[in-house]
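Student: Coordinates only, no sequence provided:
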Ligand SMILES: [Zn+2]
Ligand SMILES: [Zn+2]
């Protein structure tokens, strides 16, 4: 890589179910202004703009074409990226690549979703193969219910363990001013919430949020001029699996979650992730994803995730905090969600997460994103180069 | 084994809605309730945008100052539609025009009516014709007719 | 940032309805054609890893080699590997209407080795279990096969 890259500014909106007071461009604009303010830059300092969302949730296409005034790409180079649940992370990676290429010094990345304008499950179902799966698809709920059933059968985990992690997520969300659902949940609340599809209950699933996020990314030289607290983007990786048509199949070998995290650990000499990483912001649209995926990210041994839930290992004050922000299960403006993981991880590295700053000192943070046809993005952020 | 192509007809049907936001709501409510055509002014660039938008792309200022741009303007360019398409809003022939309203610095795409297509010209002065029953969108202007 | 009481915000309905012509291609197309015309399940075997691709595909997703003509009949009987009773409705983008899943959904491993998702005829939760034996029930002839998996009505329990 030609240039080392740092995050020098982050921004996000207050995430809600409905934002009738703003249109899509105005929503993005709020996050862009927040990120520029955080970086103490103006639009004049920005060399390129990368943006993304999942258009099938709004039904408006080529958003990059008509959003240029609001996101600041007017007469500047830029591009639009749409990769399902990973969109916000892929947009971020594109910004890292732009800055790392040496062609652009300072790059703005913007991602959003305005889910009050469409129907989330209809949008997700239209991702399925129209002749093979669309007629039976049940959106993310069906996919994660299966993750839950599989995990329960394989490991002996109980519903209580999902509830424990959901309460942990809510504690984080209640301390995060930007989070969407802040519910002061108890284990009983989660266990008594409406059954959608066993073992998936309503409170196991993310909300449909409206929100946007933005990052300002700079090459090493500019980053050091811009801020005293650059967050170095040590590494990033994206990994695909096979097509969505066959994703219901029992698949041999490594998953994209396993491979993306393994690659990033190997390339950066990490052998004990839960010890060497100080905080993780992972993409879990359902709490069953968090429970089942700890092992896929090689945080713990296979089948050990629910024991971690019992012990509180991943609490904000725990040995290995995961999603102190409250995570996706509390806030999911889909196109922006994966970028919010990076925004939140950067705040943790800077020590600027406020009420939801973890107890453990943060030098290294790990983020993931997951979506679409089993695509995983992972990033590694560090305090020093 | 060679096979005939296998093609299945299908549809994508989703009920979307579009939130126009605070600034455009104000402008469209003025159109609906008072037949007033509003734009937004950028004090830095001294430009008035119609349709209104809440950020100036040129200087990135936040725009909040709605100004009346009036219901009269000039045809910057136009085209006559002769062929029939399901997506067209009316029977051909009809005229699409880009109209610069007198108080605005940008052009508004709309229909030109009450005139033979052959008689429309660039530079022609036109005036908005409002619908009787208005709903708060840009089609509350039925079309622009020659002044 | 936020709404003031009494402020009016306009929302415009934008109903989308787009017609498409989906081309399945010759491999996936043959799997669908065999279901529609001959009421049977046909996949194709990857020459390298020997996995059965179902629906058939031109390229194996696991080893990225072009498949040959090793077509495999999978049988209409299978075993339930996973099932779910869906207790919510979803908006179906093919119709624009809420779809209520009144029958349990299941992952079925066909005896010929491939896996597919479909609905079960049996609705009684007491009678549903992983490992139950089922067989496909196709649309009766003359009821107009569509060319997708709705040409199969459901899978019914095979009584012992
Ligand atoms: Zn300006
Ligand atoms: Zn193969």
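Tutor: Great, that's in hand. Model, not experiment: these values are computed from the prediction. Ligands and ions are numbered 1, 2, ... in the order given.
Student: Please count neighbours and contacts with C-alpha atoms only from this point.
Tutor: Fine.
Student: Remind me what the longest strand that chain B contains packs against, helices and strands.
Tutor: The single longest strand within chain B, with elements called by DSSP state E, is strand B:7-19. Packed against strand B:7-19, as judged by 3 or more CA pairs under 8 Å, 6 or more residues apart in numbering or on different chains; DSSP states H and E, are the following elements: strand C:11-23.
Student: name the helices or strands packed onto the strand it packs on?
Tutor: With contacts taken as 3+ CA pairs under 8 Å, 6+ apart, strand C:11-23 sits against strand B:7-19.
Student: Which SSE is immediately downstream of the strand it packs on?
Tutor: helix B:21-34 (DSSP states H and E).
Student: Please list the outside residues in contact with that next one.
Tutor: Residues outside helix B:21-34 that contact it (CA atoms under 8 Å, 6 or more residues apart in numbering or on different chains) are A:20-23, A:26, B:36-39, B:52-54, B:64, B:66, B:134-138, B:140, C:8-10.
Student: close to chain C, is the helix or strand following it?
Tutor: Remark: after helix B:21-34, the chain's next helix or strand is strand B:38-42, criterion DSSP H and E. No - remark: strand B:38-42 sits outside contact range of chain C, by CA under 8 Å from any CA of the partner chain, the gap being at least 15.4 Å.
Student: and residue 38, how many residues sit next to it?
Tutor: In the absence of a named chain, this looks at chain A. 16 (other CA atoms under 10 Å in any protein chain shown).
Student: could you do chain C instead?
Tutor: 10.
Student: Would you indicate which residues of stretch C:108-128 are buried?
Tutor: C:108-122, C:128 (16 or more other CA atoms under 10 Å in any protein chain shown).
Student: what's near enough to touch the spatially closest residue to residue A:212 that is not a sequence neighbour?
Tutor: Spatial nearest neighbour of residue A:212, chain neighbours left out: residue A:112 (4.0 Å); criterion: CA to CA, 6 or more residues apart in numbering or on different chains. Contacts of residue A:112 were listed using CA under 8 Å, 6+ apart, and they are A:27-28, A:52-53, A:88, A:210-213, A:333-337.
Student: got TSV for the residues you listed, with distance to residue B:47 and pLDDT too?
Tutor: Shown next, in TSV, are the contacts of residue A:112 (distance: CA to CA, whole Å; pLDDT from 0 to 100):
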residue	distance to residue B:47	pLDDT
A:27	23	98
A:28	23	98
A:52	29	97
A:53	30	97
A:88	34	98
A:210	31	98
A:211	30	98
A:212	28	98
A:213	29	98
A:333	34	98
A:334	36	97
A:335	33	97
A:336	32	98
A:337	36	98
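Student: Most neighbours out of the residues you listed, which is it?
Tutor: residue A:88 (37 neighbours).
Student: Tell me the spacing between residue A:381 and residue A:232.
Tutor: 6 Å (CA to CA, to the nearest Å).
Student: Next: residue B:79.
Tutor: When residue B:79 is compared with residue A:232 (using CA to CA), they lie 54 Å apart.
Student: With neighbour numbers in mind, choose between those two.
Tutor: It is residue A:232, of residue B:79 and residue A:232, that has more neighbours when counted by other CA under 10 Å, with 25 against 15.
Student: so who does that one touch?
Tutor: When contacts are taken as CA under 8 Å, 6+ apart, residue A:232 is in contact with A:4, A:5, A:6, A:7, A:381, A:382, A:383, A:384, A:385.
Student: Over to it: give its phi and psi.
Tutor: phi -80, psi 130 (degrees, to the nearest 10).
Student: residue ranges of the strands in chain C, please?
Tutor: For chain C, the strands defined by DSSP E occupy C:11-23, C:42-45, C:52-53, C:71-73, C:77-84, C:89-92, C:97-100, C:105-110, C:115-119, C:133-138, C:152-157.
Student: nope, chain A is what I meant
Tutor: A:5-12, A:48-52, A:78-80, A:106-114, A:195-197, A:200-201, A:210-219, A:231-239, A:279-281, A:364-371, A:375-382.
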